[in-house]
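1. Prediction below, plus the sequence it came from.
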Amino acid sequence: LLFLGFFSVMIYPQLKSVDTYKYVDDAILITTTIFLTMSSFVYLFPSFFDKTYNFMSMGLLIGLISIIIVELIGFFFYSNSSNYMDFVKGMSYVVIVLFSLFVSYDTKRIMTLEQLCKNMPNYPKLSVDFFLDIINLFSRILFLRSSSN
């Protein structure tokens with residue numbers, strides 16, 4: 001409940017912002033579509049995700065760390081550049097692709113742990129990763145929608 005409360009406090013300004021209120025519905029729809037599509041792939045092709053889980057989990061972690069480093073370098077050294085917004089938009093597309101993959105592999109992780117934990121699985125704890133995926137997808141999609149006009 002605390003997590004949902006903090007999430008609500010964080011997202012509320014974007015919902016009421018004069019600059020972004022008209023883009024919020026589109027961002028929610030796109031985020032939901034990505035989440036459902038990527039989760040559906042796991043149910044449609046479970047053997048593919050079984051085979052690639054270990055490799056991709058390390059790859060996704062390296063990708064996330066790389067994005068953090070590249071965005072920090074861009075912020076500190078190029079934020080005054082005239083092309084900085086183009087850089088941020090490009091990075092937003094990369095982040096959307098990365099977190100779309102995170103949705104798939106987090107879904108696979110939940111499915112695997114569901115099979116292992118028959119007695120008392122802790123789904124609220126495990127679903128925190130989904131919330132983080134959704135927050136990142138939503139915020140980047142909202143940024144791209146609001147900056148495109």
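-> The structure has been received and is ready for your questions. Residues are numbered from 1 along each chain as shown.

2. Can you show me the helices along the protein?
-> 2-16, 24-44, 46-78, 84-116, 123-126, 128-147 (DSSP state H).

3. which helices and strands sit right next to the third one?
-> In terms of contacts (3 or more C-beta pairs under 8 Å, 6 or more residues apart in numbering; DSSP states H and E), helix 46-78 is packed against helix 84-116. Using the backbone N, CA and C atoms, a C-beta is placed for each residue, glycine as well.

4. Then the second one?
-> Identification of packing neighbours for helix 24-44 by 3+ C-beta pairs under 8 Å, 6+ apart yields helix 84-116, helix 128-147.

5. and if you look at the last one?
-> Under the contact definition 3+ C-beta pairs under 8 Å, 6+ apart, helix 128-147 sits against helix 2-16, helix 24-44, helix 84-116.

6. Would you convert those into JSON lines that also reports mean neighbour count and mean pLDDT?
-> Output for the helices and strands packed on helix 128-147, formatted as JSON lines (neighbours: other C-beta atoms under 10 Å; pLDDT from 0 to 100):
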{"stretch": "helix 2-16", "mean neighbour count": "11", "mean pLDDT": "73"}
{"stretch": "helix 24-44", "mean neighbour count": "15", "mean pLDDT": "90"}
{"stretch": "helix 84-116", "mean neighbour count": "16", "mean pLDDT": "89"}
